[in-house]
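Chemist: What follows is a protein structure lacking sequence information:
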């Protein structure tokens, strides 16, 4: 029986997988055009699985040589000779799994190959009249190594020479890793390697600038997620609403492959195979509580790159807009790891699960949190009774908590941090049974929609800063529109009033159609 896989390569006979045939066709088109390119995506984004599927997909038309630099020893890169011998040894090993005759496979092993010039001649001899496609996984494990960079330069030269038909080389070369090999500088800067690397090659010159752009969308669409759920449903007959569940999974993951599979795995193995929209949210909560390698990597990047951390904080907490541009190194880092996405020219956090983890990170590490009084246990008892979350009492208790701890503080500081205070309060109350996320599509520096998930219930709270009666009425209409999107009859509004003489207020607003808004102004 197949399972959902979140570690290592996915194997069709063993694991439930999305139907990626259209992605493979797009990649094959690049190979048909003899392109050299890199597949660079964030960690656990399906790169290795894609290469494995691609190898099978191309087998009838090409000889595919699939190797990986994962786990290679430092000795491999100690000299040109060591690298060249290791490289041809790995090619020979990979060719044994193709249809090439044994005589040809054996010819790849040649003890006379001692440097890149002799390796180049060797490749020329063995690529003539051949359509060899070279796939190299985990290539960025060595992208700061002088020997490897010189190897890329040699492949680049052979690529250029083939245009004049003065050389033979690989039909296509695909390098896969987190870092884009075209931008060696970013890796070197990230790791503090600022010295020149080889001859005229510096961190400002890439040995791989012949690579074409790789624009294939590696994330899973709703339709692709449905294909995986359909395969599961055919085996288990759960009666799930495949489309609704696929849409909810996409809503939290934006199609990030390992997150999609992990939600499904949690429902299948930890949540009694209860395939409902509400259970998707429970699975998200389980994932958020994990200290997975994906989240460890995220925290490491937030801790080590202050500019990246500041942008994420400014977007999530302050609701400010940042232009998406690769000219900003911090934006480039966020995009490279797929933490940031380009939405209409602006930087957005790539998915809701990343938003939630980043908010948890900011709450945990913020030095200001150490200065605040902890949210009393009595507040949690008042807000959650008999496993029911009371949103009205939550807002009322927050208003009381806010006045006790922040009233009279510097207004400009509080205005900047007020929404963060509410998220801090929620985080303390929900810890263990629920979570809150920011609806990023509605986030700006004037208002923010927060969605609270507790067990099977959802609540929407619009956070606003008082800008006048007309703006307040507009906020009601915006909240109602979002309630319609979520099919909710009740919504909540929390307004921070920083006027000299604020007018605190708590009231229920009932509309003609029966919908209600509970409005709290503090």
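Modeler: Good, I have the coordinates. Note that the coordinates shown come from a computational prediction; the quantities given were computed from them, not determined experimentally.
Chemist: mind listing the helices in the stretch 1-150 of the chain by residue range?
Modeler: 21-32, 47-58, 80-95, 102-107, 116-127, 146-162 (DSSP state H, counting those that start in this stretch).
Chemist: tell me the mean pLDDT for the second one?
Modeler: Same thing as helix 47-58. The average of the pLDDT scores along helix 47-58 is 96.
Chemist: And for the third one?
Modeler: Taken as a whole, helix 80-95 has a mean pLDDT of 96.
Chemist: Off-centre distance for it?
Modeler: For helix 80-95, the separation from the chain centroid amounts to 33 Å (computed by Cα atoms, centre = their mean, to the nearest Å).
Chemist: need the helices of the stretch 1-150 of the chain in TSV with distance to residue 504 and mean neighbour count, can you?
Modeler: Every residue, glycine included, has its C-beta placed from N, CA and C. Shown next, in TSV, are these (distance: least, Cβ to Cβ, whole Å; neighbours: other Cβ atoms under 10 Å):
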stretch	distance to residue 504	mean neighbour count
helix 21-32	54	16
helix 47-58	53	20
helix 80-95	70	19
helix 102-107	80	12
helix 116-127	74	18
helix 146-162	64	18
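Chemist: can you tell me the average pLDDT over the helix or strand where residue 360 lies?
Modeler: Assigned by DSSP states H and E, residue 360 belongs to helix 352-365. Regarding helix 352-365, the rounded mean pLDDT is 89.
Chemist: what's the spacing between it and its chain's center?
Modeler: Mean C-alpha position of helix 352-365 versus that of the full chain (Cα atoms, centre = their mean) differs by 14 Å.
Chemist: which helices and strands sit right next to it?
Modeler: When contacts are defined as 3 or more Cβ pairs under 8 Å, 6 or more residues apart in numbering; DSSP states H and E, helix 352-365 sits against helix 242-253, helix 277-288, helix 293-304, helix 306-316, helix 411-430, strand 434-438.
Chemist: how far away is the spatially most central residue of the chain from residue 135?
Modeler: Computing the C-alpha centroid of the chain and ranking residues by Cα atoms, centre = their mean puts residue 338 first, at 4.0 Å. Separation of residue 338 from residue 135 (Cβ to Cβ, to the nearest Å): 21 Å.
Chemist: Which one, of the helices of the stretch 1-150 of the chain, ends up nearest to residue 418?
Modeler: Closest approach to residue 418 among those (Cβ to Cβ): helix 47-58, 41.2 Å.
Chemist: which helices and strands sit right next to the closest one?
Modeler: Contacts defined by 3+ Cβ pairs under 8 Å, 6+ apart place helix 47-58 against helix 21-32, strand 36-40, strand 63-68, strand 132-137, strand 172-177.
Chemist: Can you add distance to residue 266 and give the ones you listed back as CSV?
Modeler: Listed next are the helices and strands packed on helix 47-58 as CSV, based on distance: least, Cβ to Cβ, whole Å:
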stretch, distance to residue 266
helix 21-32, 25
strand 36-40, 28
strand 63-68, 29
strand 132-137, 27
strand 172-177, 27
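Chemist: want to throw these into a markdown table with mean pLDDT?
Modeler: Shown next, in a markdown table, are the helices and strands packed on helix 47-58 (pLDDT from 0 to 100):
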| stretch | mean pLDDT |
| --- | --- |
| helix 21-32 | 98 |
| strand 36-40 | 94 |
| strand 63-68 | 97 |
| strand 132-137 | 97 |
| strand 172-177 | 95 |
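Chemist: And the ones you listed: which comes nearest residue 355?
Modeler: That would be strand 36-40 among the helices and strands packed on helix 47-58, by Cβ to Cβ, at 22.9 Å.
Chemist: Off-centre distance for that closest one?
Modeler: Taking mean C-alpha positions (Cα atoms, centre = their mean), strand 36-40 and its chain are 18 Å apart.
Chemist: so it versus helix 47-58, what angle?
Modeler: On the basis of axes from the mean of the first three to the mean of the last three Cα atoms, to 10 degrees, strand 36-40 is oriented at 140 degrees to helix 47-58.
Chemist: Now do strand 36-40 against strand 132-137, angle only.
Modeler: 20 degrees.
Chemist: Can you name the residues in contact with strand 36-40?
Modeler: The set of residues external to strand 36-40 that reach it, using Cβ atoms under 8 Å, 6 or more residues apart in numbering, is 30, 47, 50-51, 139-140, 155, 159, 172-182, 208, 210-214, 216, 218, 336.
Chemist: Derive a ChimeraX selection command for the buried subset of the residues you listed.
Modeler: In ChimeraX, the members of these classed as buried (16 or more other Cβ atoms under 10 Å) are selected with the following command:
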select :30,47,50,51,139,140,155,159,172,173,174,175,176,177,178,179,180,181,182,208,210,211,214,216,218,336
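Chemist: Once you drop chain neighbours, what's closest to residue 342?
Modeler: Spatial nearest neighbour of residue 342, chain neighbours left out: residue 324 (4.2 Å); criterion: Cβ to Cβ, 6 or more residues apart in numbering.
Chemist: wait, the one you found sits on residue 347?
Modeler: Yes: judged on Cβ atoms under 8 Å, residue 324 makes contact with residue 347 at a distance of 4.9 Å.
Chemist: Where does residue 268 fall, secondary structure wise?
Modeler: Applying DSSP H and E as the criterion places residue 268 in helix 257-269.
Chemist: Specify the angle between that helix and helix 352-365 in degrees.
Modeler: Helix 257-269 and helix 352-365 are oriented at 90 degrees to each other (the same axes, to 10 degrees).
Chemist: Just the buried positions in helix 257-269, please.
Modeler: Applying 16+ other Cβ under 10 Å to helix 257-269 flags 257, 258, 259, 260, 261, 262, 263, 264, 265, 266, 267, 268 as buried.
Chemist: what sits against the fourth one?
Modeler: Neighbour list for residue 260: 18, 220, 225, 228, 249, 250, 253 [criterion: Cβ under 8 Å, 6+ apart].
Chemist: Can you tell me which of those residues are buried?
Modeler: 18, 220, 225, 228, 249, 250, 253.
Chemist: Pull up the gap between the fifth one and residue 287, please.
Modeler: The spacing between residue 249 and residue 287, counted by Cβ to Cβ, is 11 Å.
Chemist: Now for those two: what residues contact both?
Modeler: Counting by Cβ under 8 Å, 6+ apart, the shared contacts of residue 249 and residue 287 are residue 263.
Chemist: Touching, residue 274 and residue 267? I think so.
Modeler: Yes: in this structure residue 274 lies within contact range of residue 267 using Cβ under 8 Å: 6.8 Å.
Chemist: who's more crowded, residue 324 and residue 347?
Modeler: residue 347 (25 against 18; other Cβ atoms under 10 Å).
Chemist: Dig out what the more buried one forms beta bridges with.
Modeler: residue 342 (DSSP bridges).
Chemist: Next up, the contacts around it.
Modeler: 311, 315, 322, 323, 324, 331, 334, 340, 341.
Chemist: need the contact list for the first one.
Modeler: The contact partners of residue 311, taken as Cβ under 8 Å, 6+ apart, are 322, 330, 331, 334, 340, 347.
Chemist: Out of the residues you listed, flag the one nearest to residue 503.
Modeler: residue 322 (34.2 Å).
Chemist: Excluding covalently adjacent residues, which one is nearest to that closest one?
Modeler: Distances taken as Cβ to Cβ, 6+ apart put residue 347 closest to residue 322, at 4.2 Å, once the chain neighbours are dropped.
Chemist: So the spatially closest residue to residue 38 that is not a sequence neighbour versus residue 123, what's the distance?
Modeler: Leaving out its chain neighbours, the residue that sits closest to residue 38 by Cβ to Cβ, 6+ apart is residue 175, at 4.6 Å. Counting by Cβ to Cβ, the gap from residue 175 to residue 123 is 16 Å.
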